[in-house]
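Colleague: Model the structure of this input:
(one chain, ligands or ions: 1)
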Amino acid sequence: MSALDLPGYTHVYSGKVRDLYAPVGADGEVVPDRLLLVASNRLSAYDWMMSPEIPDKGAVLTRLSLWWFDQLSDLVPNHVVSTDVPEAVGGRAVLVRKLEMLKVEAIARAYLTGGGLEEYREKGSVSGVVLPDGLVDGSKLPEPVFTPTTKAPVGEHDLPMSPAEVEAELGADVAAEVSRLTRAILARGNEIAAQRGILIADTKVEFGVSPDGSGGLVLADEVLTPDSSRFWPAELWEPGHPQPSYDKQFVRDWLTSTDSGWDRKAGGPPPELPAHVVEQTRAKYVEAYERLTGETF
Ligand SMILES: C[C@H](c1ccccc1)n1cc(-c2ncnc(N)c2C#N)cn1
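Modeller: I've put the predicted structure just below:
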């Protein structure tokens with residue numbers, strides 16, 4: 001992926017689906033307390049970058065994240081400064097306060113699946129929290145559980161962190177607040193989403209603090225999007241097997257069908273997505289946005 005040439009900005013970093021730029025002042029120096037967070041139209045599935053991109057995905061998820069920041073503003077302050085961004089990334093970028101980011105991936109789970117289910121099957125608990133017997137894939141948890149991980153270097157896997165490791169990294173008070181806020185954000189998300197036909201099984205949020213040490217935790221990055229969270233269609237929820245993904249199921253079904261000709265186990269890259277899968281996937285992102293916010297994209 002080649003970074004965009006954005007006049008007035010310099011490229012800082014690219015993740016799988018988002019890119020980070022820093023504003024540059026008239027003197028050519030990087031503006032120290034701002035960043036530009038750009039959401040691409042790139043789609044990742046099965047740990048592969050899909051091609052082609054999904055039109056409007058970046059804009060839909062940016063608008064959804066901004067809407068969630070508003071819905072959560074009584075719980076926690078956020079890093080958003082402005083949506084006055086370069087035209088080339090209009091609608092899919094946000095100017096944010098540059099923070100010192102916590103070195104913990106703040107993950108909470110409201111439903112049991114994925115790595116949390118694996119740990120539960122092994123230990124009867126997840127991240128040190130003992131869970132009831134008899135839970136299965138997709139079970140709703142009695143309440144959201146904080147399941148933090150490390151922020152692994154590119155190419156490596158994030159690793160689960162014990163409560164003691166989180167406290168060693170953040171201090172006991174900040175660790176407790178990160179746990180409380182992460183679980184409260186997911187609970188609030190599900191209070192709203194469930195009424196609109198979407199279950200948010202789990203989510204990852206990022207917190208930072210002001211570089212000058214003033215104030216407390218600030219919610220950063222993106223929040224409660226299908227890229228940072230597992231979105232499930234509520235009407236298809238059926239514990240006991242893997243749940244369909246709200247946004248990625250069309251891609252997964254096509255890739256694993258004979259139509260694609262792809263052998264995932266062979267290790268090679270997936271084929272180009274056909275137009276109908278791209279269009280259906282775009283429609284699911286727009287549908288999720290419109291159902292959750294009540295606004296038309
Ligand atoms: C994980 C995420 C990321 C974004 C884009 C591409 C890959 C990763 N990221 C966010 C920051 C960050 N750093 C300082 N202040 C901030 N307000 C933010 C934010 N948001 C650093 N990385």
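Colleague: quick one, strands of the stretch 1-150 of the chain?
Modeller: Using DSSP state E, counting those that start in this stretch, the strands of the stretch 1-150 of the chain run over 9-14, 18-23, 34-39, 44-45, 48-49, 80-82, 93-97, 100-101, 106-111, 125-126, 129-130, 140-146.
Colleague: Pick the most deeply packed of those.
Modeller: Highest mean neighbour count of the strands of the stretch 1-150 of the chain: strand 106-111, a mean of 25 (counted as mean count of other Cβ atoms under 10 Å). No exception for glycine: its C-beta is placed from N, CA and C like everyone else's.
Colleague: what angle separates that strand from strand 140-146?
Modeller: With axes from the mean of the first three to the mean of the last three Cα atoms, to 10 degrees defining the directions, strand 106-111 sits at 180 degrees from strand 140-146.
Colleague: Which stretches in the stretch 101-250 of the chain count as helices?
Modeller: Using DSSP state H, counting those that start in this stretch, the helices found in the stretch 101-250 of the chain span residues 114-123, 163-170, 172-194, 249-255.
Colleague: Of these, give the one that comes closest to the ligand.
Modeller: helix 172-194 (14.9 Å; Cβ to the nearest ligand atom).
Colleague: pLDDT score for the spatially most central residue of the chain?
Modeller: Residue closest to the mean C-alpha point of the chain, counted by Cα atoms, centre = their mean, is residue 228 at 1.1 Å. For residue 228, the pLDDT comes out at 98.
Colleague: Near the ligand, which residues of this protein? Just list them.
Modeller: Contact residues (Cβ under 6 Å from any ligand atom) of the chain with the ligand: 13, 15, 18-20, 35, 37, 79, 96-99, 101, 206, 208, 220-221.
Colleague: My guess is residue 251 contacts residue 50. True?
Modeller: Yes: taking Cβ atoms under 8 Å as the definition, residue 251 is a contact partner of residue 50 at 6.4 Å.
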